[in-house]
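Asker: This is the structure alone, sequence omitted:
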């Protein structure tokens, strides 16, 4: 705050406020594990005229006549048009998430749903989403990076020109590259060097404080600072000691859990099998409960959870009558060869599930939308997962309809 105390003009004070805000955000990024540390956002709520007045008063000094006239013209412009009662000023630098993209469109549907749940933004065809938060990206299965976008231009040359004019604290930076579409007519290292040369800051490849990413899309180029990355904490679960051929892949199981959490803090899987979904829920800090009416499968799930030092909250119980409640239900229901009477049992499983949790994700071998509706679910979203061998799973996300 020394710069603020020493500032003698409104402009100097406003710049000092901006520097202090960015310094605070960088300290959050550099020391994310400090306890009881508040989170900061660049949002001011209220009527636009009130916000402008607040910023003027914050500078502490009466503006000179020329600035007063400009302010008056600006206020007149805004009051000439209708505005909502409250106005949220967006962050100075938009938040962006980058997702994994595959050649299988059906997997991309699940990826998009996970991204929207974790970040508030839905990715475009190249896997890029404008989002509200990057706070939850570390837990993602398919969202790999969260950034704040610093500069953007339609051509690489225009981007380089714009970088010369940036006014940020980016000393000790490193530039990496990501080409999302087509071929870029330049080697990645050469492009990174050109970006580094265009930035008026000190580079530090070995120990950067700011990790920058040059992103080349089909019709635009942009530079962002990496704020969050997926930890891939699902990867160790690929080595779970007990599994069967029908077990969900760890990465898909993680994405399914992310469809409900946040906001869910407790989760049940009434057809848990070997525990793939329970492993991912436990890894994310949820209190997870599982059940399977096959004692062998329930035992396998317990052993897998214990192997990774997670609480083995698994019982041998029938999903049609199990009574454990939770914030959300995520399960891969029996189908195909898993259970000869799967179709007969499904209505009872769904009806009981609707009593146990208000939010649910059901994986099935066919579209069970009509059965979910009959069990009391609404807002049903269906995502298809097609494996390379052609086998298709249907992911249903639904909420219990209030009666």
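Answerer: Noted; the coordinates are in hand. Remember, predicted model here, so these are calculated numbers, not experimental data.
Asker: Please name the bridge partners of the closest residue to residue 229 other than its chain neighbours.
Answerer: Spatially, and ignoring its direct neighbours in sequence, residue 229 is nearest to residue 145 (5.5 Å; C-beta to C-beta, 6 or more residues apart in numbering). The way it works is simple: take the backbone N, C-alpha and C, and place the C-beta from them, glycine included. On the basis of DSSP bridges, residue 145 takes part in beta bridges with residue 98, residue 229.
Asker: my read is residue 379 is in a strand, agree?
Answerer: Yes: secondary structure of residue 379, determined by DSSP: H, G, I helix; E, B strand; the rest coil: located in a strand.
Asker: That one: how many residues sit nearby?
Answerer: Using other C-beta atoms under 10 Å as the criterion, residue 379 is surrounded by 10 other residues.
Asker: Quick check: it touching residue 399?
Answerer: Yes: A contact is recorded between residue 379 and residue 399 when judged using C-beta atoms under 8 Å, the distance being 4.7 Å.
Asker: helices or strands next to the helix or strand hosting residue 116 in the packing?
Answerer: Using DSSP states H and E, the secondary-structure element containing residue 116 is helix 105-119. Secondary structure elements in contact with helix 105-119, counted by 3 or more C-beta pairs under 8 Å, 6 or more residues apart in numbering; DSSP states H and E, are strand 95-99, strand 128-131, strand 143-153, helix 250-258, strand 377-386, strand 392-400.
Asker: Take those and lay them out in a markdown table including mean pLDDT and distance to residue 233.
Answerer: A markdown table is the format used below for these (pLDDT from 0 to 100; distance: least, C-beta to C-beta, whole Å):
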| stretch | mean pLDDT | distance to residue 233 |
| --- | --- | --- |
| strand 95-99 | 97 | 17 |
| strand 128-131 | 96 | 21 |
| strand 143-153 | 96 | 13 |
| helix 250-258 | 97 | 8 |
| strand 377-386 | 93 | 21 |
| strand 392-400 | 95 | 21 |
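Asker: Adding distance to residue 209 as columns, could you present those in TSV?
Answerer: Converted to TSV, the helices and strands packed on helix 105-119 look like this (distance: least, C-beta to C-beta, whole Å):
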stretch	distance to residue 209
strand 95-99	19
strand 128-131	23
strand 143-153	14
helix 250-258	30
strand 377-386	39
strand 392-400	40
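Asker: was I right about the residue nearest to residue 229 contacting residue 97?
Answerer: Yes: here residue 145 reaches residue 97: they are 7.1 Å apart, a contact under C-beta under 8 Å.
Asker: Mind listing the shared neighbours of the two?
Answerer: residue 137 (C-beta atoms under 8 Å, 6 or more residues apart in numbering).
Asker: Next one: the closest residue to residue 251 other than its chain neighbours relative to residue 298, how far apart?
Answerer: If you skip the residues right next to it in sequence, residue 251 has residue 141 as its closest partner in space, 4.8 Å away by C-beta to C-beta, 6+ apart. Residue 141 sits 25 Å away from residue 298 when distances are taken as C-beta to C-beta, to the nearest Å.
Asker: These two: which is more packed in?
Answerer: When neighbours are counted by other C-beta under 10 Å, residue 141 and residue 298 differ, and residue 141 comes out ahead with 26 against 22.
Asker: Which element, helix or strand, includes the more buried one?
Answerer: Take DSSP H and E as the rule and residue 141 turns out to sit in neither a helix nor a strand.
Asker: Residue 178 too?
Answerer: Counting by DSSP H and E, the secondary-structure element that holds residue 178 is strand 173-179.
Asker: What segments of the stretch 201-350 of the chain are strands?
Answerer: Along the stretch 201-350 of the chain, counting by DSSP state E, counting those that start in this stretch, strands occupy 210-216, 221-229, 266-269, 287-291, 314-315, 328-332.
Asker: Might you report the residue contacts of the residue nearest to residue 251?
Answerer: Taking C-beta under 8 Å, 6+ apart as the test, what residue 141 contacts is 114, 230, 234, 251, 252, 254, 255, 258.
Asker: and the closest residue to the second one other than its chain neighbours, how many neighbours does it have?
Answerer: In this case it means residue 230. In space, residue 230 comes closest to residue 140 once its chain neighbours are excluded; the distance is 4.5 Å by C-beta to C-beta, 6+ apart. Here the count is done by other C-beta under 10 Å, and residue 140 has 31 residues near it.
Asker: on that earlier part again, of residue 145 and residue 97, give the one with the bigger neighbour count.
Answerer: residue 97 (29 against 23).
Asker: what's the closest residue to residue 153 other than its chain neighbours in contact with, if anything?
Answerer: Spatially, and ignoring its direct neighbours in sequence, residue 153 is nearest to residue 159 (4.0 Å; C-beta to C-beta, 6+ apart). Contact criterion C-beta under 8 Å, 6+ apart gives 151, 152, 153, 195, 221, 222, 223 as the residues in contact with residue 159.
Asker: Many thanks, I have nothing further to ask.
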